[in-house]
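K.L.:
Here's my sequence, what's the structure:
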Amino acid sequence: MKKILVLIILFSGFVASSFAQGTTGTANTSATIITPLSIGSSVAMAFGNIAVNANLGTVLLPATSGTPIRVPSGGVTLPIVTGIVTAAKFSAAGLASSAYSVTLPLTPVAIGTMTISDFTINAPGTSRTLNGSGDDDFYVGGTLNVAGSQLAGPYTGSFSVTVNYN
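P.N.:
Numbering: from 1, shown residues only. Purely as a prediction, here's the structure:
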């Protein structure tokens, strides 16, 4: 009888402990690595030939394809012989049909002793979408700030544009 009582006590301990244990569930997981977003420039920003008198001035270069129509102000005039006039052209590439944003320079960029400010893009805002092939081209313009009696000669510089997936 003692053996049966001991077995009953042991058995009830195992049953109680088996009901007290938890259960485990599992979940599937996944990750997708997408094509990195890249950017390249195929056309340089060129303001063309500019004449200046003793007063400072500006030249607005719109962010359009082809030959943009420049807008001078202040002591700047535009000669009939225009020289090369182009907005900068950039090409972005990445995951097809993805939204991305463009970050333009927020502060003036020096080109010699002049600066370019107020950078613009050829679309409202800076949000864009890659096409079904994963490509998109856009143009960047800006305002050239010219000093009064600016010295004659070529002026060069560079600026950076950044793209990020939204």
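K.L.:
The chain: helices as residue ranges?
P.N.:
2-20 (DSSP state H).
K.L.:
can you give me the strands for the chain?
P.N.:
Assignment of strands within the chain using DSSP state E yields the ranges 38-43, 46-47, 51-61, 71-77, 85-86, 88-93, 99-103, 109-111, 114-121, 127-129, 135-146, 162-165.
K.L.:
I'd like to know which of those strands lies nearest to residue 155.
P.N.:
Proximity to residue 155, assessed across those by C-beta to C-beta, is greatest for strand 109-111 (4.8 Å). In short, each C-beta sits where N, CA and C put it, glycine included.
K.L.:
So what touches stretch 76-88?
P.N.:
Here stretch 76-88 makes contact (C-beta atoms under 8 Å, 6 or more residues apart in numbering) with 41, 43-53, 57-59, 61-65, 67-68, 70, 72, 122, 139-141, 146, 159, 161.
K.L.:
next one: stretch 155-166
P.N.:
The set of residues external to stretch 155-166 that reach it, using C-beta under 8 Å, 6+ apart, is 34, 37, 39, 41, 45, 88, 90, 92, 94-95, 98-105, 109-114, 116, 119, 127, 140.
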